Structures are given as C-alpha cells and as structure tokens.
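Visitor: following is a predicted model, sequence given first.
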Amino acid sequence: MGLVVQKYGGSSVADAEGIKRVAKRIVEAKKNGNQVVVVVSAMGDTTDELIDLAEQVSPMPAGREFDMLLTAGERISMALLAMAIKNLGHEAQSFTGSQAGVITDSVHNKARIIDVTPGRIRTALDEGNIAIVAGFQGVSQDKKDITTLGRGGSDTTAVALAAALDAEVCEIYTDVDGVFTADPRVVKKARKIDWISFEDMLELASSGSKVLLHRCVEYARRYNIPIHVRSSFSGLQGTWVSNEPIGDKQVEQAIISGVAHDTSEAKITVVGVPDKPGEAAAIFRTIADAEINIDMVVQNVSAASTGLTDISFTLPKTEGRKAIDALEKNRSGIGFDSLRYDDQIGKISLVGAGMKTNPGVTAAFFEALSNAGVNIELISTSEIRISVVTRADDVPEAVRAVHTAFGLDSDSDEAVVYGGTGR
C-alpha cells in the first residue's frame, strides 16, 4: 500500500459542487489501495475576503490575531471535505495544522516550517481513515500560537507532510493541467511540460510562475519528494517535478523550460550614494533588519565629478512602504540624497538549464524584446535564467514575444484554465 499526499487549491474547492467532485477523486485514490492524506486550501477567494474584512476593521491588524482569522478559511473547507467523503461511505478525519504536527517559527503571516510531527495523522491512517489537513497553517514552537505560512503556504504544507510521512508522491491539484511554458492566462498557446527538474522549477517559481511556490519546490528538492502538478477538473496527466524523469519514459531536458513573469514587485532607487566601501552594505543591512526580501540589484557607475552613484533594487510591492520608511530612518547613517519608488514595473524571465551550453540564447532573448518594442530597465542573470525589468504595461506583449521567439508555442489546442479568479 502506497502513501499519497494530495493538495487541492481554493479554485478546486470553491463551492459545494467542487468539494463533492474533489471528494470523489480522493475516494478513488483510496479505492486504488493507497493511504491518502489531503491538504486543502480555503474555498475560492475566502482568504482574500478575510483580508479585506480585516482591513476594514483595522488598517494594521496585529499579526497574531490576523493569523487566527485567516486560518478559519482552511478549517471550513477541511471540515466540509471530510463530510463529503463520509457521504461516499469512507471514513475521514480533519486536522488543523497544529493538530497535524506542523511546527513553525514565531513569525506571523509568513512563518517557516521547523519540523513536522505527524503522530495523529499516522494514527488516523493506521485506522483506515483518510486524513484531511488544513493547509497554510501551523503552530509556533515557542509560544504555541497559531501561525500562517504566507501566500501559497498550502503547497509547502503538502510537501512537508509528504516528506515527514515518506510519501511516494505529492500531488498538487490546481485549475490548470500542469506546469506550462508560460502563464496560460497570458499566452494562449503555452505548452504543457511533461517533466521538469527541481532546478528549473525553482527558477520559474522564483521568477513569478504561480503554479508552485518557491518554498514548496525547495522543500521537495531537499527531501527528494516527486511532485505531480495536475488539474482537479480533468483526468489528464500533469507535470512531474523531480530530480529525474519518473518511470520508464525518458524525457530530454529542454534548452528552454519556460517564460515566467511577475508584476507584484516594485523598484526602489537610492539616489546619490557615496561610492565607497560599506555603503551598499549599510543599505541592504537596513533592508534585512526590516525583514524584507529583495530580488534584483543594480548599481550604476559613479559620476567622476561627484563620486556618487545610484543603487536600484526590486522587492515585493507589499513591502515598499516599510522599505522606504526604514531607509529614511537611516538616511544619515547611509548618506544618500533621495529615494525613488516605482511600482509600475514587471519582470520577465527566461528559464532553462540548457541555456548555459547553448550560445545565442541571450542574443535571441533581447532581440525578441527589441522587436516587440519593449524597453529594459534592469537585467539580472544566472546560469539558467535571464531576467529583465520593464514597464508593467509591456509585460504581456513581452512574454508572448519571447515565448514565440524560442519556439515554445503549441500547435495543438489552447491551454485551458478551468477555474479561479486570479485574485
């Protein structure tokens, strides 16, 4: 008997009919002889609606109470799903993150998993039950407070449980048929990928691909847990994410895996920074102390006449105000002239492990952007990724142009997005 962990996103359990459809799929996996653990997200846009409600009550809700509120969404869906499974004649038990043994640090709203002790889950499975776990949440190790894992945290919950339970596979069910060469909502001719390496998937996830959360893929790679991304709305095979292709079928590593984009970032430029050792360190220590993650960094060549330079970096829009406040507070210590903030930017990334051994990829990438009339503001590269920052309005056209230029367009039917509002 194998052990399978399945995760269902909010669009899959958006309403009563969706919950009943998911319950049938879970029961089918149980009938096939598997022990089944299910991680479930909140129904539809429930989390966004709870966030909106909190902001109406308090513009800056306390982290602890905010987490307590947000975890209500998953508790609703896990209980309803357990009821639907019992209606089909199978036993199911629902568990909150803390009951499932998901232990986290004490950072509210974006906690990290420290350990998973799934004793109650194992007991439920040994008794022949299907275990339903609320995703996106855990309990802090020191204060025993309820915590949430941040956006997409249910994926991380699922992979962490799969690792702790030594599962054969972690199935991530969503509203598309797998991982595509670009976002099907933007590129209608995007092609489904049958298999992709952890390395390429990590780059796509960190570059804006929303099918899998970066932390989830990182966790899966660390514990070598194969991920199968597929749709809960169809019976089609999805995309396997693993170190090596699954089964007998050998899949050749593509030169280019896909094109990702992200419009959730902003750019801050620190103007008039003295061009001397320690200045950049002071800027980024200020940002780090404010617990803000940054993405791309570019420093201009200093002006000979003034000895001053500009340093630009990108970060999540949601952290923009906090970063500006932190830098202004330390202006005298850093010694810059002014700050510029721009949240109308977008990032386009070309990802593929094959590009490091194929000359001409960089030239083709920039030629495609040039032919589309897209101006580039920042550039960042790694061995398997090229990223540029452009105007947000240019992102859709830029993604389509690059996708076509590298022969990624599909000749078959257009990619299907089955559900979800994209909020």
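Guide: Nice, thanks for sending it over.

Visitor: where does the stretch 151-300 of the chain have low pLDDT?
Guide: 247-253 (pLDDT under 70).

Visitor: do a quick rundown of the strands in the stretch 151-300 of the chain.
Guide: Using DSSP state E, counting those that start in this stretch, the strands found in the stretch 151-300 of the chain span residues 169-174, 195-197, 227-231, 239-242, 258-262, 265-274, 297-299.

Visitor: Throw these into JSON lines and include distance to A29 and mean neighbour count, thanks.
Guide: Every residue, glycine included, has its C-beta placed from N, CA and C. What follows is the strands of the stretch 151-300 of the chain, written out as JSON lines (distance: least, C-beta to C-beta, whole Å; neighbours: other C-beta atoms under 10 Å):
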{"stretch": "strand 169-174", "distance to A29": "8", "mean neighbour count": "26"}
{"stretch": "strand 195-197", "distance to A29": "21", "mean neighbour count": "24"}
{"stretch": "strand 227-231", "distance to A29": "12", "mean neighbour count": "23"}
{"stretch": "strand 239-242", "distance to A29": "17", "mean neighbour count": "24"}
{"stretch": "strand 258-262", "distance to A29": "29", "mean neighbour count": "26"}
{"stretch": "strand 265-274", "distance to A29": "38", "mean neighbour count": "20"}
{"stretch": "strand 297-299", "distance to A29": "45", "mean neighbour count": "15"}
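
Visitor: let's have the ones you listed in CSV, adding distance to G10.
Guide: As requested, these are exported to CSV (distance: least, C-beta to C-beta, whole Å):
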stretch, distance to G10
strand 169-174, 10
strand 195-197, 24
strand 227-231, 14
strand 239-242, 20
strand 258-262, 20
strand 265-274, 23
strand 297-299, 34
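
Visitor: mind checking which of those is nearest A363?
Guide: strand 258-262 (16.3 Å; C-beta to C-beta).

Visitor: sheet partners, orientation included, of the closest one?
Guide: Within its sheet, strand 258-262 is paired with strand 345-351 (antiparallel), according to DSSP bridges.

Visitor: following the strand it pairs with, which helix or strand shows up next?
Guide: helix 361-371 (DSSP states H and E).

Visitor: related to what we said a few turns ago, mind checking which of the strands of the stretch 151-300 of the chain is nearest A54?
Guide: Once the strands of the stretch 151-300 of the chain are compared by C-beta to C-beta, strand 265-274 is nearest, at 22.6 Å.

Visitor: how close does S209 sit to V273?
Guide: To V273, S209 is 33 Å away according to C-beta to C-beta, to the nearest Å.

Visitor: cool, and A131?
Guide: 54 Å.

Visitor: ditto for I225
Guide: I225 is 44 Å from V273, by C-beta to C-beta.

Visitor: repeat that for M60.
Guide: 31 Å.

Visitor: cool, D142 as well?
Guide: Taken as C-beta to C-beta, the span from D142 to V273 is 39 Å.

Visitor: now do G101
Guide: Applying C-beta to C-beta to G101 and V273 gives a distance of 47 Å.

Visitor: the stretch 151-300 of the chain: helices as residue ranges?
Guide: 153-164, 198-206, 214-223, 279-289 (DSSP state H, counting those that start in this stretch).

Visitor: now M43: which helix or strand?
Guide: Using DSSP H and E, no helix or strand contains M43.

Visitor: contacts for the helix or strand where E49 lies, please.
Guide: Secondary-structure assignment from DSSP H and E places E49 in helix 46-57. Residues from elsewhere that reach helix 46-57 (C-beta atoms under 8 Å, 6 or more residues apart in numbering): 10, 41-42, 61, 66, 69-70, 72-73, 76-77, 136, 423.

Visitor: how many degrees apart are the next helix or strand after it and helix 46-57 in direction?
Guide: Following helix 46-57 in sequence order, the next helix or strand is helix 63-87 (DSSP H and E). For helix 63-87 against helix 46-57, the angle by axes from the mean of the first three to the mean of the last three C-alpha atoms, to 10 degrees is 150 degrees.

Visitor: which helices and strands does helix 63-87 pack with?
Guide: Applying 3 or more C-beta pairs under 8 Å, 6 or more residues apart in numbering; DSSP states H and E, we find helix 63-87 packed against helix 16-31, strand 35-40, helix 46-57, strand 92-95, strand 130-134, strand 137-140, strand 146-148.

Visitor: can you rerun that using 6 Å?
Guide: Judged by 3 or more C-beta pairs under 6 Å, 6 or more residues apart in numbering; DSSP states H and E, the packing partners of helix 63-87 are helix 16-31, strand 35-40, helix 46-57, strand 92-95, strand 130-134, strand 146-148.

Visitor: in CSV: these, plus mean neighbour count.
Guide: As requested, the helices and strands packed on helix 63-87 are arranged in CSV below (neighbours: other C-beta atoms under 10 Å):
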stretch, mean neighbour count
helix 16-31, 17
strand 35-40, 30
helix 46-57, 14
strand 92-95, 22
strand 130-134, 29
strand 146-148, 27
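
Visitor: may I see those arranged in CSV, with distance to N293 and mean pLDDT as well?
Guide: Listed next are the helices and strands packed on helix 63-87 as CSV, based on distance: least, C-beta to C-beta, whole Å; pLDDT from 0 to 100:
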stretch, distance to N293, mean pLDDT
helix 16-31, 33, 96
strand 35-40, 25, 97
helix 46-57, 20, 93
strand 92-95, 30, 97
strand 130-134, 26, 98
strand 146-148, 17, 96
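
Visitor: which stretch among these comes nearest G354?
Guide: Among those, strand 35-40 sits nearest to G354 (C-beta to C-beta), with 33.2 Å.

Visitor: what strands flank that closest one, and is each parallel or antiparallel?
Guide: strand 3-8 (parallel), strand 130-134 (parallel).

Visitor: with only the CA atoms kept, save it in CSV.
Guide: Extracted as CSV, the C-alpha positions of strand 35-40 are listed here (Å, rounded to 0.1, in the frame of the first residue of the first chain):
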residue,chain,number,x,y,z
GLN,A,35,-3.3,5.6,2.1
VAL,A,36,-4.4,9.2,1.4
VAL,A,37,-3.5,12.4,3.2
VAL,A,38,-5.2,15.5,1.8
VAL,A,39,-4.1,19.1,2.3
VAL,A,40,-6.8,21.7,1.4
